[in-house]
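Novice: need a structure here:
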Amino acid sequence: MEAMTFSQFITAYNTLIKEDNSLYHALAKRFGLSDTAFWILYILEESDHPVTQAELCAISCLTKQTVNSALKGLSDSGYIRLEAAHGKGRGKQLALTPSGRELIARTIHPVFRMEERAYEGLTPLERQTLLDLNRRYLELLRQAARPLLSQTSQEESVSYANQAL
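Specialist: Alright, predicted model coming up:
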């Protein structure tokens, strides 16, 4: 097997991520949901505890404005309601209504079954290797990102100007 260049690797890797995102986008669309509403319902069903709006933003990596907009739509449609969080400050917990539970049964449960079938297609070693390599690559990305994330705006301007020369 010939060694892959960085350019070939990053193109192939990013293509896989985009194809993965595209699959879940198609599923959300098939179920008549926005991507954000789909992921909110997915996270609510996947979670083993009540989720607050702040936790939902952190888990989904979506902005507060994006999440709030989707929550309003789900709430207006009668699928969720916001309740005061118990012992967690001012945060609001998201609670599914009976209609919301039915929606999850029609949308998210089939996706979980689809994911489980794909999981079952992997050997135990492949499952662990997939997780290990993704964790390792993410760890290396975080390490490489630290200098970029710690730069001030002025440092960025000088750095970009120097690169342009």
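Novice: quick one: Met107 and Phe31 touch, right?
Specialist: No Met there; residue 107 is Thr. Yes - between Thr107 and Phe31 there is a contact at 4.2 Å, judged by CB atoms under 8 Å. Every residue, glycine included, has its C-beta placed from N, CA and C.
Novice: shared neighbours, these two?
Specialist: Residues touching both Thr107 and Phe31 (CB atoms under 8 Å, 6 or more residues apart in numbering): Phe38.
Novice: looking at these two, which is more packed in?
Specialist: Taking other CB atoms under 10 Å, Thr107 and Phe31 do not tie; Thr107 has more neighbours (20 against 16).
Novice: which stretches in the chain count as strands?
Specialist: With DSSP state E, the ranges of strands along the chain come out as 51-52, 80-84, 92-96.
Novice: where along the chain do the helices fall?
Specialist: Secondary structure of the chain (DSSP state H): helices at 6-30, 35-46, 53-60, 64-76, 98-120, 124-150, 153-164.
Novice: mind putting these into CSV with mean pLDDT and distance to Ala85?
Specialist: Formatted as CSV, those follow (pLDDT from 0 to 100; distance: least, CB to CB, whole Å):
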stretch, mean pLDDT, distance to Ala85
helix 6-30, 97, 27
helix 35-46, 97, 14
helix 53-60, 93, 9
helix 64-76, 95, 14
helix 98-120, 98, 18
helix 124-150, 96, 30
helix 153-164, 64, 36
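Novice: could you export those as a markdown table, including distance to Lys92?
Specialist: Shown next, in a markdown table, are these (distance: least, CB to CB, whole Å):
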| stretch | distance to Lys92 |
| --- | --- |
| helix 6-30 | 24 |
| helix 35-46 | 13 |
| helix 53-60 | 6 |
| helix 64-76 | 9 |
| helix 98-120 | 15 |
| helix 124-150 | 30 |
| helix 153-164 | 34 |
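Novice: now, of those helices, which is deepest in the fold?
Specialist: Between the helices of the chain, helix 35-46 has the highest mean count of neighbours, a mean of 20, where neighbours are mean count of other CB atoms under 10 Å.
Novice: what angle sits between it and helix 64-76?
Specialist: 70 degrees (axes from the mean of the first three to the mean of the last three CA atoms, to 10 degrees).
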